[in-house]
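Participant: what's the 3D shape of this:
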Amino acid sequence: MGNDFSLIKPVELKCEYKTNPTGIDEKHPRFSWITKCESYNSFQTAYRIIIASSIQRLLIREGDIWDSGKVISSDSTLIKFNGHPLHSNKTYFWQVMIWNEKEEASS
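Facilitator: Residues are numbered from 1 along each chain as shown. Got it, this is the predicted structure:
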């Protein structure tokens with residue numbers, strides 16, 4: 001797993017084009033991020049999106065709502081949520097982990 005000094009990290013995380021939206025009207029929202037690499041010629045080769053019902057579950061990487069698992073892909077724009085439809089008036093928490101070409105993971 002990565003650490004705070006990872007050479008690659010996702011930044012500017014968005015859900016349906018918004019940063020930390022307080023409400024969205026999609027039951028299957030889409031997620032996007034920008035890949036920031038600290039080393040020359042580094043790039044994203046995989047990602048994992050986790051959605052949790054609480055910040056505590058998110059912090060231990062427990063995706064009780066959805067866990068994409070490690071997806072081999074350089075995609076980072078409009079990745080569609082593929083779990084059971086989300087419910088209105090509920091708060092969800094999400095994070096993304098990415099890997100580079102050396103299999104180094106972001107924190």
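
Participant: so what pLDDT did the residue most central in space within the chain get?
Facilitator: Central residue of the chain (CA atoms, centre = their mean): residue 96, 2.2 Å from the mean position. pLDDT recorded at residue 96 is 95.

Participant: How many residues are close by residue 57?
Facilitator: If you count neighbours by other CB atoms under 10 Å, residue 57 ends up with 16. Every C-beta, even on glycine, is put in place using the N, C-alpha and C of the backbone.

Participant: For it, which residues are in contact?
Facilitator: Contact analysis of residue 57 by CB atoms under 8 Å, 6 or more residues apart in numbering lists 63, 64, 93.

Participant: Could you give the bridge partners of residue 95?
Facilitator: Counting by DSSP bridges, residue 95 is bridged to residue 50.

Participant: the helices in this structure, which residues?
Facilitator: Per DSSP state H, the chain carries helices over the ranges 55-59.

Participant: Under the pLDDT cut-off, which ranges of it? List them.
Facilitator: 1-6 (pLDDT under 70).

Participant: now the closest residue to residue 42 other than its chain neighbours, which residues is it bridged with?
Facilitator: Distances taken as CB to CB, 6 or more residues apart in numbering place residue 100 nearest to residue 42, at 5.0 Å, with adjacent residues excluded. Beta-bridge pairing for residue 100 (DSSP bridges): residue 44.

Participant: Might you report the residue contacts of the residue nearest to the centre of the chain?
Facilitator: Contact partners of residue 96, counting by CB under 8 Å, 6+ apart, are 10, 13, 31, 33, 47, 48, 49, 50.

Participant: Name the nearest residue to the first one, ignoring sequence neighbours.
Facilitator: The spatial neighbour of residue 10 that comes closest, neighbours along the chain excluded (CB to CB, 6+ apart), is residue 33 at 3.9 Å.
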